[in-house]
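Peer 1: missing the sequence, but the structure's below:
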């Protein structure tokens with residue numbers, strides 16, 4: 001059996017969302033909450049230190065109940081049972097942080113969205129087809145309420161602070177013309193979620209989508 005390559009701790013853990021509807025995720029969250037018990041969940045939620053045995057227990061509950069729902073949808077062998085080890089929770093502080101966040105938000109179904117907990121061949125072509133069957137609004141809503149993974153918002157916040165310092169202290173020789181910047185990336189890569197996450201940094205966020213207005217203006221000019 002080939003050895004499984006574990007992501008380095010300096011990298012964000014890749015995510016591959018399981019093909020579950022919001023109704024199924026709500027069912028899963030309720031089942032995990034009832035099976036794991038409030039004492040275990042409270043200890044993980046309220047502690048800043050690692051409790052790898054408790055975290056492994058929560059991971060096992062989530063794994064078992066998620067597998068049951070996936071099997072019910074005729075999705076077999078999606079999750080990797082070899083990852084249910086103490087080494088998994090001990091080596092990945094981001095996983096532990098995600099599990100603590102799940103206990104704070106009761107969004108336990110998101111734990112198994114981590115690609116490292118899935119089999120390497122789980123990303124089959126049928127997954128996008130299943131996702132297309134979900135309601136578009138539900139899919140969009142889900143993208144904004146799931147626990148935020150990674151440190152992109154931390155880096156962006158520091159970038160904005162540095163820009164503000166340079167603009168404020170440079171006088172006439174300041175390197176920036178005005179207080180704005182652009183975020184350019186492909187659709188669906190997390191630009192909007194990045195902006196809304198700034199609210200957790202005590203930043204006032206006024207989010208507007210002007211795509212329709214831009215399209216209509218372009219059409220009226222042609």
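Peer 2: In hand now; what should we look at? Owing to the predicted nature of the structure, the values given are computational and were not obtained by experimental measurement.
Peer 1: what about the helices in this protein?
Peer 2: Secondary structure of the chain (DSSP state H): helices located at 22-36, 38-46, 52-72, 86-91, 93-105, 126-132, 136-145, 152-169, 191-197, 211-221.
Peer 1: Determine which of those helices shows the lowest mean per-residue pLDDT.
Peer 2: Among those, helix 126-132 carries the lowest mean pLDDT, a mean of 46.
Peer 1: for the helices of the chain, which one sits closest to residue 14?
Peer 2: Each of those has some distance to residue 14 by Cβ to Cβ; the shortest is helix 93-105, at 10.8 Å. C-beta: built from backbone N, CA, C; applies to glycine.
Peer 1: would TSV of the helices of the chain with mean neighbour count and distance to residue 183 be doable?
Peer 2: Converted to TSV, the helices of the chain look like this (neighbours: other Cβ atoms under 10 Å; distance: least, Cβ to Cβ, whole Å):
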stretch	mean neighbour count	distance to residue 183
helix 22-36	17	27
helix 38-46	15	32
helix 52-72	18	33
helix 86-91	16	32
helix 93-105	19	23
helix 126-132	12	25
helix 136-145	12	16
helix 152-169	13	8
helix 191-197	16	5
helix 211-221	9	15
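Peer 1: okay, those in CSV with distance to residue 180 next?
Peer 2: Output for those, formatted as CSV (distance: least, Cβ to Cβ, whole Å):
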stretch, distance to residue 180
helix 22-36, 35
helix 38-46, 39
helix 52-72, 42
helix 86-91, 41
helix 93-105, 31
helix 126-132, 34
helix 136-145, 24
helix 152-169, 9
helix 191-197, 13
helix 211-221, 17
